[in-house]
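Engineer: Provided below are the primary sequence and the corresponding predicted coordinates.
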Number of protein chains: 2
Amino acid sequence: MTQSEKLESFYSRLSELHHLNCISALLGWDQRVCMPPAAVQGRAAQREYIAVMAHRKATDPEFSSVVDELYQEIDSLSEDDQVNVREVKRQLDIDRRLPEEFVSEMSQASSVGYSTWQEARPRNDWESVGPLLERTVKLSRQKAELIGYEEHPYDALLDLYEPGMTTSILKPLLLKLADELRKIVPSVLQRFANVSPLKGDFPEETQKSLCHRVALDLGFDLRWGRIDSSAHPFTTTIGRNDVRITNRFSRDTFIPGLYGTIHETGHALYDIGLPQKWLGTPLGSPVSLGIHESQSRIWENPVGRSREFCVYLSRLLPELFPEFATTPDELWNWVNLVQPSLIRVDADEVTYCLHIVIRMLLEERLIVGELAVADLPEAWNDLYVEYLGIRPPDVKDGVMQDVHWYSGSIGYFPTYALGNLYNAMMIESALLAIPDLYEKIEEGQFAEFLNWLKDNVHRHGMRYHGRELIKRITGTDLNPDSFTRYLRRKFLPEGV
Amino acid sequence: MTQSEKLESFYSRLSELHHLNCISALLGWDQRVCMPPAAVQGRAAQREYIAVMAHRKATDPEFSSVVDELYQEIDSLSEDDQVNVREVKRQLDIDRRLPEEFVSEMSQASSVGYSTWQEARPRNDWESVGPLLERTVKLSRQKAELIGYEEHPYDALLDLYEPGMTTSILKPLLLKLADELRKIVPSVLQRFANVSPLKGDFPEETQKSLCHRVALDLGFDLRWGRIDSSAHPFTTTIGRNDVRITNRFSRDTFIPGLYGTIHETGHALYDIGLPQKWLGTPLGSPVSLGIHESQSRIWENPVGRSREFCVYLSRLLPELFPEFATTPDELWNWVNLVQPSLIRVDADEVTYCLHIVIRMLLEERLIVGELAVADLPEAWNDLYVEYLGIRPPDVKDGVMQDVHWYSGSIGYFPTYALGNLYNAMMIESALLAIPDLYEKIEEGQFAEFLNWLKDNVHRHGMRYHGRELIKRITGTDLNPDSFTRYLRRKFLPEGV
């Protein structure tokens, strides 16, 4: 085959895989948003059929050797093709190192783990999930060995979610962050000592209108997107110009529903900002979970929880909730309320990363075998006392609160913290480019900031890995200082 | 291969094809109900990808020869396997007779025809569609020759939609029907001379509640189904226990929205009544378009437009539309209003089949070459004068009113009339089995009738073709007498 024939065959297979991934996304979206309940078994069979087909097409020997050959001649390719070949080769190398039996064992363990966790958590039933988690940890260790690593087995797992990330970079970063956070938490807590959470009566339909309005103001567009409800909010890309988000609401407060929507809108704006003509190739794909999370959190937190955004919000609210009177300051207190909490997903901006540091420390110890799964609940509780000053009363709100480990995702949690570090660094650069950014936010004008993100983050697809990208944008290596600086300025403007 | 290996390979391929068909149905449903508008091109590529894959899997030589071999030893198969092999072979023979280039030319002509018709119809623009229709007719003639027929080229096309149907059976049947209808139309028209259509103000949300309530009463179940809105109502099966209908509403009357919903509910009850364990095989598939249409129309007309159903409805309405006062008799007049009309889809029970007879006569003449496409608009108008006493003022409401011919479906229309004949014969038999059927309807009790349909129609899948099935149910050959008897009893109880 000539090089151009190889490239043609390469891109044609990527396009097939893209169709299958989109179909798989639609089957998943429909299941969570539309599908009638009795269809669940039939849907599982449809999803498995597509997953098996995609796996075969992604790893078949003919495609494999086209990728290898293109990689050997990578220097003679165009810059764009180089990125695509490099990234597909990277992923293929991982896939090829995992034997089919291992993949199927892992996927079975994940799905049993998921459903068992789902039933066991409300019952506070650690006995049911413990042995399954032991198997998952063992399989994850095996996975790390199969994939390979240079320094640390945890590296192989981190790299799956955040390409290029290693324990030796991540751990000092997050420990330094934790130290800083623990310094500021007591003063911040004091500041909110007299604030109680918002409680009122906010009909779901009106909350939906508010969320629609805000998402559209931020740049979400119903010509290429949809907003629906589902049990757990998520964002998914179904195809070219088709990005969908979901939200959920509690009747007594509009804050989680609204900020969930802003978060998912951030994910969606990244997905639609990726070069649509490269969709289905690495150049049209998100960099990593950490960068994806930076895009949701940058809208949710530095933008959405700013005083200026509260001014913008306070202009929208009276129309929708005429009986609810509030001020921007009061709103700011509600949306920023810092309280030590047991539950990661309910955590505020200041304590959130401490939840992640605890998980990172435990994951590392599980993977190297320093910690037995049987001792995990106790180790979890001890770290909660150490880092957050509270001891979970049970496993439901302790070690069993998140599905990740039980469904086989070890190495995933750190990307949430990375999202915070990335976005804090980005917003500092954005402020240099758009000095009146926060005045614009107050006016409800978000287009210039979105364009900045498109230009600096979205349009590159996977051209740069996360740390490269952030250095390109900010001129600085990934570090926790921007984030802690941001928190100090915001919550302790007079200093600790 | 042993016979059991052949059967395994046979059923495994059917199951793959079933997955692909379901995915294709989901892509279609989502496009019409959910998809954001800018995604249309990407979706077309996804649908084509699945269609090409399904076509390849349905016609590949290995599968082909398994089917042929099983067909040769069909007598040694179980009764169920015999049906499945017979029907798959029947379809495969048709597919194999159509060369790939022909299929692709036909599908291109259909899609160009469809989109041109869509734009040209509102403009009354026959010039744009005429030449395309000429090509479609030519291709349809070619299709008939490729598929083959014993007596008449039109047979090959009829058989695609109604297996086993031929011109020599259909034509005398529909002409006899037309004669009878033309005898009764004048007296029926007279009866409705002083009735004017319902006009009021019926908010869409309330109409939706009414439709949901009625569909659920008829036996539709949200555990295995969904009801949504779309530009044109339709029913689709997305998988096992997943049948979805759509409806649309006009603000000034609830009747088309409600009866559209009842119609689609009938389709859905058939789909879900098919043996779900045989889904994806002929034993889990509908017999034909005519039988499918009998299942929608039996609920819409003999059930839904009966006096007893109007009593049931008149109990539901006051709660939903408190300002709208009516009586069962007034309702009956509105839902049954007979008026000569230009438009098939707006036609009443009495004149509906005359619209079909006109189309059948024209299709036959087009296919044998007795009528040139250029002369079609005039021939259409002449037949409307002859059969319905009205001359269409333009092509928009004349020969261009339906998409079928322009999108390549010739031979499809007669199935609508067959639906009426089948359902009138069925309801006579159902009344013998359930003498108090109409009392039950008045009480809003539909379960016994649904069970009768399941038992007599749904559970057989494609075990019998339409004419066999109706003879099994009624003991009588397919004929128009039950239908005309039904109309006479209903509309002219005192005789003509």
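Structural biologist: Thanks, I have the structure now. Residues are numbered from 1 along each chain as shown, chains lettered A, B, ... in the order given.

Engineer: Where does the stretch 251-400 of chain A get nearest to chain B, residue-wise?
Structural biologist: Residue of the stretch 251-400 of chain A nearest chain B, by C-beta to the nearest C-beta: residue A:279 (8.0 Å). Where C-beta positions appear, they are placed from N, C-alpha and C, glycine not excepted.

Engineer: Excluding residues flanking it in the chain, which one is nearest residue A:293?
Structural biologist: Once flanking residues are discounted, residue A:293 sits nearest to residue A:419: 2.7 Å by C-beta to C-beta, 6 or more residues apart in numbering or on different chains.

Engineer: actually residue A:434, not the one I typed
Structural biologist: Counting by C-beta to C-beta, 6+ apart, the residue nearest residue A:434 is residue A:448, at 5.6 Å.

Engineer: burial count for residue A:476?
Structural biologist: Around residue A:476 there are 13 other residues, counting by other C-beta atoms under 10 Å in any protein chain shown.

Engineer: Could you report the pLDDT at it?
Structural biologist: Per-residue pLDDT puts residue A:476 at 97.

Engineer: what do you get for residue A:496?
Structural biologist: pLDDT for residue A:496: 61.

Engineer: Would you check that the residue nearest to residue A:434 makes contact with residue A:440?
Structural biologist: Yes - Residue A:448 is in contact with residue A:440 according to C-beta atoms under 8 Å; the separation is 6.1 Å.

Engineer: Neighbour count: the two, which is higher?
Structural biologist: Using other C-beta under 10 Å as the criterion, residue A:448 and residue A:440 rank with residue A:440 on top: 16 against 13.

Engineer: which stretch of helix or strand covers that one?
Structural biologist: helix A:437-443 (DSSP states H and E).

Engineer: now do residue A:186
Structural biologist: Applying DSSP H and E, one finds residue A:186 within helix A:167-191.

Engineer: what does that helix contact?
Structural biologist: The contact list for helix A:167-191 (C-beta atoms under 8 Å, 6 or more residues apart in numbering or on different chains) reads A:151-152, A:154-155, A:158, A:338-340, A:350-351, A:353-354, A:356-357, A:360, A:364, A:387, A:414, A:417-418, A:421, A:467, A:478-480, A:483-484, A:487-488, A:491-492, A:496.

Engineer: Buried only: go through those residues for me.
Structural biologist: A:152, A:154-155, A:158, A:338-340, A:350-351, A:353-354, A:356-357, A:360, A:364, A:387, A:414, A:417-418, A:421, A:467, A:478-480, A:483-484, A:487-488, A:491 (16 or more other C-beta atoms under 10 Å in any protein chain shown).

Engineer: what about the helix or strand following the helix holding residue A:440, average pLDDT?
Structural biologist: The helix or strand immediately downstream of helix A:437-443 is helix A:447-456, counting by DSSP H and E. For helix A:447-456, mean pLDDT is 98.

Engineer: Show the subsequent helix or strand relative to helix A:447-456.
Structural biologist: Helices and strands here follow DSSP H and E; after helix A:447-456, the next one along the chain is helix A:466-474.

Engineer: That next one packs against which elements?
Structural biologist: When contacts are defined as 3 or more C-beta pairs under 8 Å, 6 or more residues apart in numbering or on different chains; DSSP states H and E, helix A:466-474 packs onto helix A:289-298, helix A:414-433.

Engineer: Export those as a markdown table, with columns for mean pLDDT and distance to residue B:19.
Structural biologist: Formatted as a markdown table, those follow (pLDDT from 0 to 100; distance: least, C-beta to C-beta, whole Å):
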| stretch | mean pLDDT | distance to residue B:19 |
| --- | --- | --- |
| helix A:289-298 | 98 | 30 |
| helix A:414-433 | 98 | 33 |
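
Engineer: Quick check: which of the ones you listed is buried the most?
Structural biologist: Greatest average neighbour count among the helices and strands packed on helix A:466-474 goes to helix A:289-298 (a mean of 25), per mean count of other C-beta atoms under 10 Å in any protein chain shown.

Engineer: what's the distance between that one and the middle of its chain?
Structural biologist: Averaging C-alpha positions (C-alpha atoms, centre = their mean, to the nearest Å) puts helix A:289-298 6 Å from its chain's average.
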